[in-house]
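Visitor: quick one, what's the 3D model for this:
(one chain, ligands or ions: 2)
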Amino acid sequence: MIFGVPFDNTSSFRRGSRLAPDAIRYAYGNLESFESSYGVNFPDIPIADLGNLEELEDVTAVLPLVEHAVSVIRKDGKIPIMLGGEHSITSGAVKNFSGSSMVIIDAHSDFREEYMGSPHNHACVTRRCLDILGKDRIYSVGTRSVSREEYESERFGEVRFITADEVREKGIRQVGKEILAGTEKSVYFSIDMDGIDPSYAPAVGTPEPYGITPTDVRYLIHTLAGKIEGFDILEFSPLYDNGNTSVLAAKLIQDFIGSKETKKKFS
Ligand code: MN
Ligand code: MN
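Guide: Ligands and ions are numbered 1, 2, ... in the order given. Coordinates of the predicted model:
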């Protein structure tokens, strides 16, 4: 069940992610409707798009709306696929996932207690999710931008930050194995598009060099698909897009749906 959240009011650098839900839909419509790597024909899969939530300015008003939308979708036995918007909205969705694990793709640790006067700024979202899920439940992959204050925070070790360099050193298969073994049977998967290298995903609110690759992310989605019960994609800003980032965001959603449906497994 797809829905969009056109919200980017806490973005600290480049705004525009409020325009992302519709841009991702447009790109998705241009993808091939059959995916041969999974043997999945997408028109055969029941997927509903609820449209966008109301566009609001205040994050403390948006979060309860997101929490409610995800709660309704889950009570109906469906899997929420949320199109952001900026990363702050994820904590609203995760409120419905206590007892679950979480995998985040992100260049940033997003581990500030508060930023620019708000504990719900997008730079605080991993910290807020830690408050909800508790320690040893969150894996954040692709990390390469951490403030000294975050790094020295007592709670920093309660999240497993897997840096982009560690992914390159160990290889994504090893990383996938660790996450698969360490997560509960229900996983919320959150993609901040800036986790991916800006050469592949330039149109993001806060770009950061030396990132992981789109196929790294695709591999993790595919490996964890059996456990994933909630999915989102955030921080894409169409204002800076040359066309690459929107189609990549759309493709990652197709990879999630295809991986959920397929009987085939990547080696
Ligand atoms: Mn983020
Ligand atoms: Mn980020």
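Visitor: do any residues in stretch 136-148 lie close to ligand 1?
Guide: No. Stretch 136-148 lies apart from ligand 1 when judged by CB under 5 Å from the ion; the minimum separation is 8.9 Å. For every residue, glycine as well, the C-beta is placed using N, CA and C.
Visitor: any part of that stretch near ligand 2?
Guide: No. If you take CB under 5 Å from the ion as the test, stretch 136-148 misses ligand 2, and the best it gets is 7.3 Å.
Visitor: give the buried residues for that stretch.
Guide: Across stretch 136-148, burial judged by 16 or more other CB atoms under 10 Å covers 137, 138, 139, 140, 141, 142, 143, 144, 145, 146.
Visitor: for the residues you listed, which one is nearest residue 206?
Guide: Proximity of those to residue 206 (CB to CB) peaks at residue 145, which lies at 8.1 Å.
Visitor: what separation is there between that closest one and residue 76?
Guide: As judged by CB to CB, to the nearest Å, residue 145 and residue 76 stand 37 Å apart.
Visitor: cool, and residue 263?
Guide: 25 Å.
Visitor: picking that back up, what about the buried residues of stretch 136-148, which are in helices?
Guide: In helices, judged by DSSP state H, none of the buried residues of stretch 136-148 are found.
Visitor: more crowded one of residue 263 and residue 76?
Guide: residue 76 (10 against 7; other CB atoms under 10 Å).
Visitor: ok, now which ones touch that one?
Guide: residue 1 (CB atoms under 8 Å, 6 or more residues apart in numbering).
Visitor: which one of the buried residues of stretch 136-148 sits closest to ligand 2?
Guide: Distance to ligand 2, by CB to the ion, is smallest for residue 145 among the buried residues of stretch 136-148, at 7.3 Å.
Visitor: that closest one is in contact with residue 112, isn't it?
Guide: No. Residue 145 is not in contact with residue 112 according to CB atoms under 8 Å; the separation is 11.8 Å.
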